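quick one, structure for this:
(one chain, ligands or ions: 1)
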Amino acid sequence: MNATLNGWLTSQIDKLKEQSLYKEQLVLEGPCNNRITIAGRPGIINLASNNYLGLANHPKLVAAACEAAGKWGAGAGAVRPITGTLQIHVDLEKQLAAFKHTEASLVFQSGFTSNAGVIPTITDENDVILTDELNHASIIDGVRLSKAQRKIYKHCDLSSLEEGLKASAAAAKRLIITDGVFSMDGDIAPLPDMVKLAKAYDAAVMVDDAHGSGVMGGGRGTAYHFGVHEDVDIQLGTLSKAVGVMGGYIAGSRALIDWLTQRARPFLFSTAQPAPVVAAIMAAIELMEKDTSLTDKLWENAAFWKSGLKGLGFDTGVSETPITPVMIGDEATAMKFQRALLNEGVLALAIVYPTVAAGKARIRTMPSAMHSREDLVDALGAFKRAAESVGLF
Ligand SMILES: *Cc1c(COP(=O)(O)O)cnc(C)c1O
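Okay, here's the model as predicted:
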C-alpha cells in the first residue's frame, strides 16, 4: 500500500470517528424480513428496510429467479448494446411500459445508474436543470455529470421553482427534477402544480419515484397517483425498493427511450442485469398488476403505525407516506435512542446531520406489508420503553 495514500485514508477515517460520523456496517445473518437476525440475536423487528411490500423474499420471485438461472444462466455476459440484451430484458421493458401507461421503458442496473444515465444524456450546455434542494444523491450526481447549468429551488416550493423558471428564459431546454416521495421526511412532491408551472414555462418534468414505485398510485407511482402521468415527461422508478429486487428504469416516450439506448453511458458501458434478477422483477410487477393487496396492506400498516406513534406522543413530522420519521432534534439523543431501540428489539436508524439539517435528527421508520399487527404493537411498546430510557418522555 502506498504510504501517502494510506496515511490520508487513515486520517480521514479518524476524523469521521472523532466527529461520531463513522458508521459501523450492520450485518444481517439471514434474509431481509419483518424480523431479522443481527449479531446472533434473532427476532429483531425490522423498521429500517425499503422492502415495502415484502417482495424481496416472496416465494414467487424466488422461484422465478431460480427458473431463470436454469434457463439463461447467472450472468448476461455483456453490456446491453453488445450481446447483453436477452429476450427477457425486452419482455420486462414492455411489461413496465404497460404498467406505467407510457410508450416505452428502459431498464438500468440500479436507480442510481438510471439517474446517471438519463440526466446528462438529455441535457447539454445550453440547458438549465431546476432541482429540489432535498433531491436524492443520485440525482445530484446525475446533474453533476450534465453540462447544463444547475438551479436549486427550495424544497417543494413552487414560488422558488417559478423564480428559477423566470430566470432561465434564455435556456434552450429546461428540465425540472424532483423526487416523487422524499426519503427523509416521507412527504410528496406537489406534482399537479409543478406540471402546470412546467407547461406555462415550456419546461420538461422528471420525477424520480424510487420511494413511490410500488407504494403510490396502487404501485404505479406518484405521477399516476395524481393522474399526471401523461404530463410527466420522464419517470424514474427503482426495482430495488418496493419491487424487492435490484435495478432502475426510465419510463416515457418512445423518442426518449430510443435516445437513451444510443447515448446513456451506464446502458452502453456497464453490463446488463442477470436474467434471474429480471425474472424476479417481472414476477413482482405481475403481482402488482393482478391486484393492489400488497400496496393496500402497506398503507394499512403505515396508518396503524403512525397513529400508534402519535398516540404515544411522538412527532412524525410532515410524512404523508409509509416513510415515518420520529422527530428527535438533537443528534446525540437520536443516536442514543437508536441504541435503546435495538436493546428493546427494534431496528430503526437515526438519520442525523449532514444527511438532514443540523438539529433535525430523527429516527426513520418504514413499516411494510410484511409486518404483522403483532410486530407493530411490539415495536410501539419498544418505542415507548426506549423513549423513557433516554429521557424523551
Ligand atoms: C434509493 C434511491 C435511488 C437509488 O435507487 P437504487 O435502485 O437503490 O440504486 C434513486 N433515487 C432515489 C430518490 C432513491 O431514494
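
close to the ligand: what parts of this structure are there?
110-112, 136, 138, 179, 183, 208, 210-211, 238, 240, 248 (CB under 6 Å from any ligand atom). Any C-beta I mention is one placed from the backbone N, CA and C, and that applies to glycine too.

mind checking which of these land in helices?
The helices, defined by DSSP state H, take in 111-112, 138 from the residues of the chain next to the ligand.

neighbour-wise, which of the residues you listed leads?
Within these, neighbour counts (other CB atoms under 10 Å) peak at residue 111, which reaches 26 neighbours.

now the helices for the stretch 201-350 of the chain?
222-226, 254-263, 265-269, 275-290, 293-311, 331-343 (DSSP state H, counting those that start in this stretch).

for the fourth one, packing partners?
In this structure, helix 275-290 packs against helix 59-72, helix 87-100, helix 293-311, with contacts taken as 3 or more CB pairs under 8 Å, 6 or more residues apart in numbering; DSSP states H and E.

again, 6 Å this time
Other elements packing on helix 275-290 under the criterion 3 or more CB pairs under 6 Å, 6 or more residues apart in numbering; DSSP states H and E are helix 59-72, helix 87-100.

now the next helix or strand after the last one against helix 254-263, angle please.
Yep, that's helix 87-100 we're talking about. Downstream of helix 87-100, the first helix or strand assigned by DSSP states H and E is strand 104-108. Between the axis of strand 104-108 and that of helix 254-263 there is an angle of 30 degrees, by axes from the mean of the first three to the mean of the last three CA atoms, to 10 degrees.

from the helices and strands packed on helix 275-290, which stretch is densest packed?
Highest mean neighbour count among the helices and strands packed on helix 275-290 (mean count of other CB atoms under 10 Å): helix 87-100, with a mean of 18.

give me the contacts around it.
104-105, 107, 249, 251, 275, 278, 282, 285 (CB atoms under 6 Å, 6 or more residues apart in numbering).

list the contacts of whichever residue of the stretch 1-150 of the chain sits closest to the ligand.
Per CB to the nearest ligand atom, residue 111 is where the stretch 1-150 of the chain lies closest to the ligand, at 2.3 Å. Listed by CB under 6 Å, 6+ apart, the contact partners of residue 111 are 210, 238, 248.

only the buried subset of these, as a PyMOL command please.
To isolate the buried ones among these in PyMOL, judged by 16 or more other CB atoms under 10 Å, type:
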select buried, resi 210+238+248
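
excluding covalently adjacent residues, which one is nearest to residue 126?
residue 172 (3.7 Å; CB to CB, 6 or more residues apart in numbering).
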